[in-house]
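A.B. asks: 3D, please:
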Amino acid sequence: MRSYAIIPAGGIGKRAGGKTPKQYIKLKGKEMIAHTLDIFQQCQSVDEIIVAVDKSYFNLVKKLKKKYGITKLTKIVFGGIERQDSVYNALRSINAEKDDLMIIHDAARPLLPMNVLQDAIKTAVKRGNSLVCIKAKDTLLKGKELVQHYIDRTDILYVQTPQIFKYADIMLAMKKAYEENLISTDESTLAFRVGIKINIVEGSAFNFKVTTKEDVDIIRKLIK
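C.D. replies: Next comes the predicted model:
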């Protein structure tokens, strides 16, 4: 069984507010995506890394691979219009066995703790898949200008990445989604739709996704 880390990084990150896509902004002099790639480079349980990027950033990613010694980065593929397309392009580029693990992780989550990654991989090896989540800790409600009602947070979880599935399972889920013209921002949703029972692994508040300008400010302070 081999483990492949798939990093979709084809987005343009409009909500982050900058001219440069968020995954390429520098954090303490190092591109965000390089911080993310380094986590998987250092993890002994990861065999290869595949990155899906916009074609205009191919050369930059190649330079980052060389600059930071990301030797496990074996393929750079075209990013798609949607995140799902980027992941699918990466999956199709791999000559994988059906039980090989696909570790899908957002490029914009550069503070993934190593212990969370290792726990997720161990669970996937043992049980076939894993999904990193954190428990909701704030009061939750539904409403717009006025409160409509409050939501019981007892069994509410925030979904993170990595999301790890066997190659055959995630390919089945992806193909089914395309057959039905369904686009999702989340692989676990697609896997759940085809009847796969998904195992939850505890995540970390540090493993947040950089999405808005405020997120960029927060992560710069954390890394500083």
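A.B. asks: low pLDDT regions in the protein?
C.D. replies: 12-18 (pLDDT under 70).
A.B. asks: next, please give the residue ranges for the helices of it.
C.D. replies: Taking DSSP state H as the criterion, the chain carries its helices at 32-42, 58-68, 83-92, 114-127, 167-179, 187-193, 213-223.
A.B. asks: please produce a markdown table containing these, extended by mean neighbour count and distance to Pro8.
C.D. replies: From N, CA and C alone the C-beta is placed, and that goes for glycine too. Listed next are these as a markdown table, based on neighbours: other C-beta atoms under 10 Å; distance: least, C-beta to C-beta, whole Å:
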| stretch | mean neighbour count | distance to Pro8 |
| --- | --- | --- |
| helix 32-42 | 22 | 11 |
| helix 58-68 | 15 | 13 |
| helix 83-92 | 21 | 4 |
| helix 114-127 | 17 | 17 |
| helix 167-179 | 17 | 13 |
| helix 187-193 | 21 | 10 |
| helix 213-223 | 14 | 18 |
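A.B. asks: how about a markdown table for those, with distance to Met102 added?
C.D. replies: Conversion of these to a markdown table gives the following (distance: least, C-beta to C-beta, whole Å):
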| stretch | distance to Met102 |
| --- | --- |
| helix 32-42 | 12 |
| helix 58-68 | 19 |
| helix 83-92 | 7 |
| helix 114-127 | 9 |
| helix 167-179 | 5 |
| helix 187-193 | 9 |
| helix 213-223 | 26 |
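A.B. asks: can you name the residues bridging to Ile103?
C.D. replies: Ala5, Ile164 (DSSP bridges).
A.B. asks: that one reaches Pro162, doesn't it?
C.D. replies: Yes. Between Ile103 and Pro162 there is a contact under C-beta atoms under 8 Å: 4.9 Å.
A.B. asks: which neighbours do the two share?
C.D. replies: 5, 117, 120 (C-beta atoms under 8 Å, 6 or more residues apart in numbering).
A.B. asks: for those residues, which one is nearest Val132?
C.D. replies: When the shared contacts of Ile103 and Pro162 are compared for distance to Val132 (C-beta to C-beta), Ala120 wins out at 5.4 Å.
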